[in-house]
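1. The following comprises the amino acid sequence and a computationally predicted model.
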Amino acid sequence: MISRALDVLTKIEKVIASLFIFVLTVFVILDVGARELFKTGIPWAQKGAVYMMIWAGFIGAILVAHKLEHLRPEVADKFWTGKLKPWYLRIQNFLVFIFCAVMAWYSVVYVIESREFADRNIIIDMPMWILQSVIPYCFFSMSLRYLYYSFSPREKDPQAVH
Amino acid sequence: MSIGLIILSAILVSLAFGLPLFVIMGSLTAICYLLISGETMPVIVGDIFYAADKEILLAIPLFVLAGQIMTKGSISQRLIDIARTATAGIPGGMGIAAILSCGVFAAISGSSPVTLIAIGSLMYPALVAAGYPKKLAMGAVTVGGTLGIIVPPSIPMIIFAIMAGVSVVDLFKAGIGPSIVLVLLLCGYMLYASPKNEEQKFSLSDFTTAFKRGFLSIFMPVIILGGIYGGFVTATESAAIAVVYALIVELLIHREIKMKDFAMVWAETAEMLGMLFLILVLAVSLNKFMTFEQIPESMVETMSGFIHSKLGFLLCVNILLLIVGCFMDAMSAILVLAPLLTPMAIHYGVNPIHFGIIMVVNLEIGYLTPPIGINLFVASGMFKVGFTEVVKAIVPFLFVMLLGLAIICAIPEISLFMIK
């Protein structure tokens, strides 16, 4: 049930991240094209693309967390074998959950402060807190995964190549 | 408890439980900001956001995307066909073709394991069928695959440029000489070690046919690098041009990419970006703290008491990086070590661009050294052979790579000849 819900959420996040990558690519291409052809770029395109990249990057981090493929030192894996292995994975995922949950909490605090200060990006004319809100979402969504994995331990696919 | 002890404990606990690097980086950043600078957690979050708000970072998803689009079609077969027909008739020609195909494919894909899979899956059976010993064939494609991070455009080079505060374009320019040196050395070894029973004769018509089928693929690195070297475009602009070129070639000319694969490239690019992104922004934030607290400067001061010459520094740093490469992947090592080691390199008179290349070549060798050599694991899984067997196969090539590293370290002009 939880696993299926997380899979559905991942699919939605995958579509959103793909769209951000697509749109940022279009923005940069249009900007470069305009600069080459008309000697002047599109003023908001680069900045818009950067924010798209930030959103795509943070949501991409959730997708990687779902597959447990975040880069990590794997030296200790060799020492935790047999019956210890599931406990190793549980503790590992639970520690990551704590980190993500703490980051999610303080990111919410930061975004609320940013909203109160009414910071705006003048190039794309948008409140900063909207652009920054991907950070608490990223850590919140990752914390859900790691909490689930700390109860239902699993490893990354050994065939995964990155 | 002193702050140093807290940091050490955090690192040891992280290593003991194999925590992801973003957690290690994040914890260290939080400890430093909270306990040393007296900042609050929301300030760290703000730092993370502004660390990500950099236009140069756009080059990363765009180069990854171009590589993903180009490598979904049958480009590897086209490149191999060109390399094989070009080297036909030379004793050991097929082995040389394997290395050359890896070199060009690496420039397009930017990824070492992907190069190994794409070229190795086609070249290894062909080499074995042509009478090459399995060990030699396996070693050639496993080592050839590592060229992905030294042949520009390379994501680790972009990461180094961001962390060390040097020009991406200069690093890309500096990567071309060392890439040629390594490719030549590997080709030279293949020439020496390959069986001398090459039956295929050189045929101009075969070569022309293969070239016609594959020249658009070869042309991609030429366009990217030509624009950068000519000073016409920035790294981000050349990445955008690479994407447009890849889309035109794969969708309109080759027409081999399936719609399902085309839809997947965007998500795969987001995942690749996501894998780097958190670590990168946290590392930039930690780097900002270290710069503010003048930690690299005090490290330089301490080190200069022990190491008195440029040669001594280069020896120590190469040994350190080779050891680090055994335990960490290239991206992580660059994110952690580049901000600390680059000021030392400058202090000892090593050009920071040259140092970036030295670091990347060392970490390229790390792809081949146990226990955490990524290409060794990929080769072991792909060729269905034991890990130890792969390690044995790459040993002679490892010496060739170390020779290349020594040459690249000793002659800075190989890296710097294109930089004004």
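-> In hand now; what should we look at? Numbering: from 1, shown residues only, chains lettered A, B, ... in the order given.

2. Next, please give the residue ranges for the strands of chain A.
-> A:120-121, A:126-127 (DSSP state E).

3. Output those as CSV; include the columns distance to chain B and mean neighbour count.
-> For glycine as for every other residue, the C-beta is placed from the backbone atoms N, C-alpha and C. Conversion of the strands of chain A to CSV gives the following (distance: least, C-beta to the nearest C-beta, whole Å; neighbours: other C-beta atoms under 10 Å in any protein chain shown):
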stretch, distance to chain B, mean neighbour count
strand A:120-121, 9, 15
strand A:126-127, 13, 15
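
4. any idea which of the ones you listed scores lowest on pLDDT?
-> Among those, strand A:120-121 carries the lowest mean pLDDT, a mean of 83.

5. Which secondary structure elements does it sit against?
-> strand A:126-127, helix A:128-132 (3 or more C-beta pairs under 8 Å, 6 or more residues apart in numbering or on different chains; DSSP states H and E).

6. so what's the residue most central in space within chain A closest to, chain neighbours aside?
-> Among the residues of chain A, the smallest C-alpha distance to the mean C-alpha position (C-alpha atoms, centre = their mean) belongs to A:F58, namely 2.5 Å. Using C-beta to C-beta, 6 or more residues apart in numbering or on different chains and skipping the chain neighbours, the partner closest in space to A:F58 is A:C138 (3.9 Å).

7. Look up how far B:A86 lies from that neighbour.
-> Note on A:C138: its distance to B:A86, by C-beta to C-beta, to the nearest Å, is 48 Å.

8. Those two - which one has more neighbours?
-> Between A:C138 and B:A86, A:C138 has the larger neighbour count (other C-beta atoms under 10 Å in any protein chain shown), namely 27 against 18.

9. In contact with that one, which residues?
-> When the contact criterion is C-beta atoms under 8 Å, 6 or more residues apart in numbering or on different chains, the partners of A:C138 are A:58-59, A:61-62, B:278.

10. Next: A:L144.
-> Counted by C-beta under 8 Å, 6+ apart, A:L144 has contacts A:6, A:9.

11. go on, the one 3 residues further on?
-> Shown in contact with A:L147 (C-beta under 8 Å, 6+ apart): A:93-94, A:97, A:101.

12. didn't A:L9 look like it was pressed against A:S141?
-> Yes - the pair A:L9 and A:S141 passes the contact test of C-beta atoms under 8 Å, sitting 7.1 Å apart.

13. Between the two, which has more neighbouring residues?
-> Set side by side, A:L9 and A:S141 give different neighbour counts by other C-beta under 10 Å, the larger being at A:S141 (22 against 15).

14. Check which helix or strand the residue of chain B found nearest chain A maps to.
-> In chain B, the residue that lies nearest chain A is B:G274 (2.3 Å; C-beta to the nearest C-beta). Following DSSP states H and E, the helix or strand that holds B:G274 is helix B:259-292.

15. Show me what that helix packs onto, helices and strands only.
-> Packed against helix B:259-292 by the contact rule (3+ C-beta pairs under 8 Å, 6+ apart) you find helix A:2-38, helix A:45-66, helix B:21-31, helix B:41-52, helix B:59-72, helix B:155-164, helix B:330-347.

16. quick one on the thing from earlier: could you export the contacts of A:C138 as TSV, including distance to A:K156?
-> Converted to TSV, these look like this (distance: C-beta to C-beta, whole Å):
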residue	distance to A:K156
A:F58	20
A:I59	19
A:A61	15
A:I62	15
B:L278	16
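
17. Just put those residues in CSV and tack on pLDDT and distance to B:A267.
-> Rendered in CSV, the data for the contacts of A:C138 read as follows (pLDDT from 0 to 100; distance: C-beta to C-beta, whole Å):
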residue, pLDDT, distance to B:A267
A:F58, 96, 15
A:I59, 96, 10
A:A61, 95, 13
A:I62, 96, 12
B:L278, 89, 17
